[in-house]
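Participant: Sequence and predicted structure are below.
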Amino acid sequence: MTAPSDMIELRNVSKTYRTKRGGDVVALQNVSVNMEDGEFITVVGPSGCGKSTLLNMLAGLLTPSSGEILLQGTPVKGPRRDVGIVFQSPVLLPWRTVFQNTMLPVQVQHRERKVYANRAHQLIDLVGLGGFADKYPFELSGGMQQRAAIVRALVHDPAILLMDEPFGALDAMTREQMNVELLRIWRDSRKTVVFITHSIPEAVFLADRCLVFCPRPGRLVDIVDVELPRPRDLPVMNTPEFGRYVQRIRSAFIENEEAPSEGALVSNL
Amino acid sequence: MAVGTRGEGSQQALDPHVLPVARSRGYPAPGRILTWLYTPIALVVGIAVWQLAISIFNVPNYLVPTPGHVWDALRDGISSGVLVHHTIVTAREIVVGYATGSAVGIALGFLIAQYRVAERMIYPYVIALNAVPKVAIAPLLVVWFGVGLTSKVIIAATVSFFPLLVNVIVGLRSTDSDQLRLMRSLTASGWQTFYMVKIRNALPMVFAGLEVAIVLSVVGVIVGEFVAAQEGLGYYISEMNALVNTPGMFAALLILSVMGFVMSQIVKLVARKVVFWKQMDDIVEGP
Ligand SMILES: Nc1ncnc2c1ncn2[C@@H]1O[C@H](COP(=O)(O)OP(=O)(O)O)[C@@H](O)[C@H]1O
Ligand SMILES: [Mg+2]
């Protein structure tokens, strides 16, 4: 059934939140998709369409209400050691230096310190934090903190990297720069990446494939194969092909708009 | 809920040494020197006004002594060793009681925060007991534990206990939810999450409690010595009071103030060293 190259497989995954006031919120409905080993997947959609819910289920932090999620062929039953996560905020422990923060997964998972300390230092250099390894988070800018969080997610060499709007809090210029660097890191490490964003250009720029989600109920409405040549740099965003991808995703939102009230959401994008 | 989150409300208002806080905000050098000088200048002016007022209004010595008389009482008390002895006795009672009460408060707070059974069995009674004005039970403690060191230590321990207990519980329970989620995503065990994240998160609250408790301990011990004692600064003050020796009372009060100030500064210094990231946060991001 499962093709050996499928790194992540979602079969009819749904998630319904039971709220205290009695109403049920369908955060995700019947999502089925396969992601290949080494693929860069972006998930794009307006807020409330279940992106974080999807990521938390992939991370084993939430269980689906129905359906099944397989990572490397085995069902997700909880958090796993072969997954690295970058959240929207860096969540660095303020009493630990950058290096100590990036070593947290190694420490928690009782991995061999010496081996991974080398790796941590290499990654710290790779993301441009060389010379900041012994600094504390409060001595770093927001962008630098998020780089440290990326190193922490990669340090134990997970097969899968999950990122939930990781650059959402950064200014536009830093954000573009981080995107370019992320692609460089991905090219060198060849992880399977699931990257969540609400920015269409960001989703197109990064993706091999872009999953387009719409809200109420949260559902997968389109899968866009982005065939822009790699390695990509920022100027690719000015090409007509890029514009066509952006347009296609935008129209997917418009077509799946159910209520007029959602028009505001679409025009915001 | 928690006692004195920043733990520096009441006592800072009383001591003139809060000025150094302003210095650390990066004032330019000339302003700094001036700021440094304000404190001693104010002291000199204060003493001069004190002396002057007494001679102008002819205040009798048994009501308010002159600075000179206080100085004499202080010098005599120290050189004869009497004040030194009482100071050591009081300091020992404060330190032993404070350390004991804090330790028990931290341990019990930890149990209550970690185990539901402990919470159900102990916490309601602790809250109820906290409503009892601790100073009011000082006479009872003297009856039970005698006029010596033990009763004072127990009073100091009792007043130190509650702020630590409450702050440990609040500190351990207010762990940042993002950090908890991070630890969970890394497959951390409950114990790992506890010692890598929760304890660290609780430390600022614990130190806030320690800062409050040291001030309360000083008050507690002095009250205990007022009730019944044969030595200590509180005992000395009531002795001098009976003899209408106002300069002697002033001398003891002066020593007591300095002692309380030094003790709370030591706690603050340790707090600043241990919880180093908190102050840094404040400086970088504001309050
Ligand atoms: N813990 C929760 N309890 C109830 N409803 C939730 C909870 N988390 C998310 N939701 C709801 O589920 C929907 C999807 O949320 P989320 O996955 O956070 O979307 P996104 O990340 O795309 O903004 C939203 O309508 C949100 O209000
Ligand atoms: Mg989200």
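Facilitator: Yep, it's here. Numbers count the residues shown, from 1 in each chain, chains lettered A, B, ... in the order given. Ligands and ions are numbered 1, 2, ... in the order given.

Participant: Residue A:170 should be in a strand, yeah?
Facilitator: No: counting by DSSP: H, G, I helix; E, B strand; the rest coil, residue A:170 falls outside a strand, being coil.

Participant: so how far is residue A:162 from it?
Facilitator: 18 Å (Cβ to Cβ, to the nearest Å). Where you see a C-beta, it was placed from the backbone N, CA and C, and this is true even at glycine.

Participant: of these two, who's got more company?
Facilitator: Taking neighbours as other Cβ atoms under 10 Å in any protein chain shown, residue A:170 and residue A:162 compare with residue A:162 leading, 26 against 17.

Participant: Quickly list what the more buried one is bridged to.
Facilitator: residue A:85, residue A:194 (DSSP bridges).

Participant: Residue A:71 too?
Facilitator: residue A:8, residue A:74.

Participant: Settle this for me: it is touching residue A:81, isn't it.
Facilitator: No: contact criterion Cβ atoms under 8 Å: residue A:71 and residue A:81 do not qualify, at 11.1 Å.

Participant: okay, the two: which has more neighbours?
Facilitator: Counted by other Cβ under 10 Å, residue A:71 and residue A:81 do not tie: residue A:71 has more neighbours, with 21 against 14.

Participant: Can you give me the domain assignment for chain A?
Facilitator: Split into domains by automatic domain parsing, chain A comes to A:1-82+A:159-269, A:83-158.

Participant: Chain A contacts on chain B?
Facilitator: By the rule Cβ under 8 Å from any Cβ of the partner chain, the part of chain B lying against chain A is B:176, B:178-179, B:181-188, B:192, B:196-197, B:200, B:276-278, B:280-281, B:284-285.

Participant: filter the residues you listed to the buried ones?
Facilitator: B:179, B:181-188, B:192, B:196-197, B:200, B:277-278, B:281 (16 or more other Cβ atoms under 10 Å in any protein chain shown).

Participant: now, which of those lie within helices?
Facilitator: Among those, DSSP state H puts B:179, B:181-185, B:192, B:200, B:277-278, B:281 in helices.

Participant: Which parts of the chain are helices?
Facilitator: As the question left the chain open, I've gone with chain A. A:51-58, A:98-102, A:104-108, A:113-126, A:142-154, A:172-189, A:200-206, A:240-255, A:263-268.

Participant: Actually, chain B is the one I wanted.
Facilitator: Using DSSP H, helices in chain B cover B:10-14, B:19-23, B:29-57, B:67-80, B:82-114, B:116-130, B:138-145, B:149-173, B:177-185, B:190-193, B:199-227, B:233-242, B:246-274, B:276-285.

Participant: Residue A:27: which of the ones you listed is closest?
Facilitator: Smallest distance to residue A:27 across the helices of chain B (Cβ to Cβ): 17.1 Å, for helix B:177-185.

Participant: Give me the contact status of the closest one with ligand 1.
Facilitator: No: contact of helix B:177-185 with ligand 1 (Cβ under 6 Å from any ligand atom) is absent, the minimum separation being 11.7 Å.

Participant: Redo the helices of chain B as TSV? Include mean pLDDT.
Facilitator: Supplementary listing: the helices of chain B in TSV, determined by pLDDT from 0 to 100:
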stretch	mean pLDDT
helix B:10-14	38
helix B:19-23	40
helix B:29-57	86
helix B:67-80	93
helix B:82-114	96
helix B:116-130	88
helix B:138-145	92
helix B:149-173	94
helix B:177-185	96
helix B:190-193	95
helix B:199-227	95
helix B:233-242	94
helix B:246-274	94
helix B:276-285	63
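
Participant: and those as TSV, adding distance to residue A:202?
Facilitator: Below are these laid out as TSV (distance: least, Cβ to Cβ, whole Å):
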stretch	distance to residue A:202
helix B:10-14	49
helix B:19-23	45
helix B:29-57	48
helix B:67-80	72
helix B:82-114	42
helix B:116-130	46
helix B:138-145	67
helix B:149-173	38
helix B:177-185	22
helix B:190-193	33
helix B:199-227	33
helix B:233-242	69
helix B:246-274	42
helix B:276-285	27
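
Participant: For residue A:51, find the nearest of these.
Facilitator: helix B:177-185 (16.1 Å).

Participant: Can you work out which other helices and strands pack against that closest one?
Facilitator: On a contact count with 3 or more Cβ pairs under 8 Å, 6 or more residues apart in numbering or on different chains; DSSP states H and E, helix B:177-185 meets strand A:83-86, helix B:190-193.

Participant: Recalculate using a threshold of 10 Å.
Facilitator: Under the contact criterion of 3 or more Cβ pairs under 10 Å, 6 or more residues apart in numbering or on different chains; DSSP states H and E, helix B:177-185 touches strand A:83-86, helix A:104-108, helix A:142-154, helix B:190-193, helix B:199-227.

Participant: Pick the most buried one from these.
Facilitator: When you average the neighbours per residue for each of these (mean count of other Cβ atoms under 10 Å in any protein chain shown), strand A:83-86 leads with a mean of 26.

Participant: helices and strands around that strand, which ones?
Facilitator: Against strand A:83-86 (3+ Cβ pairs under 10 Å, 6+ apart) you get helix A:51-58, helix A:142-154, strand A:160-164, strand A:192-197, helix B:177-185.

Participant: Next, the contact list for the closest residue to residue B:253 other than its chain neighbours, please.
Facilitator: Using Cβ to Cβ, 6 or more residues apart in numbering or on different chains and skipping residues adjacent in sequence, the residue nearest residue B:253 is residue B:237, 7.0 Å away. Contact analysis of residue B:237 by Cβ atoms under 10 Å, 6 or more residues apart in numbering or on different chains lists B:86, B:222, B:225-226, B:245, B:248-253, B:256.

Participant: Now flag whichever of the residues you listed is closest to residue A:130.
Facilitator: residue B:256 (54.8 Å).

Participant: pretty sure the closest one is touching residue B:218, no?
Facilitator: Yes: at 7.4 Å, residue B:256 counts as touching residue B:218 under the criterion of Cβ atoms under 10 Å.

Participant: can you list the residues of chain A near ligand 1?
Facilitator: Counting by Cβ under 6 Å from any ligand atom, chain A sits next to ligand 1 at A:17, A:19, A:25, A:27, A:45, A:47-53, A:218.

Participant: re the thing from before, make a markdown table from the domains of chain A and add mean pLDDT to it.
Facilitator: Converted to a markdown table, those look like this (pLDDT from 0 to 100):
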| stretch | mean pLDDT |
| --- | --- |
| domain A:1-82+A:159-269 | 89 |
| domain A:83-158 | 94 |
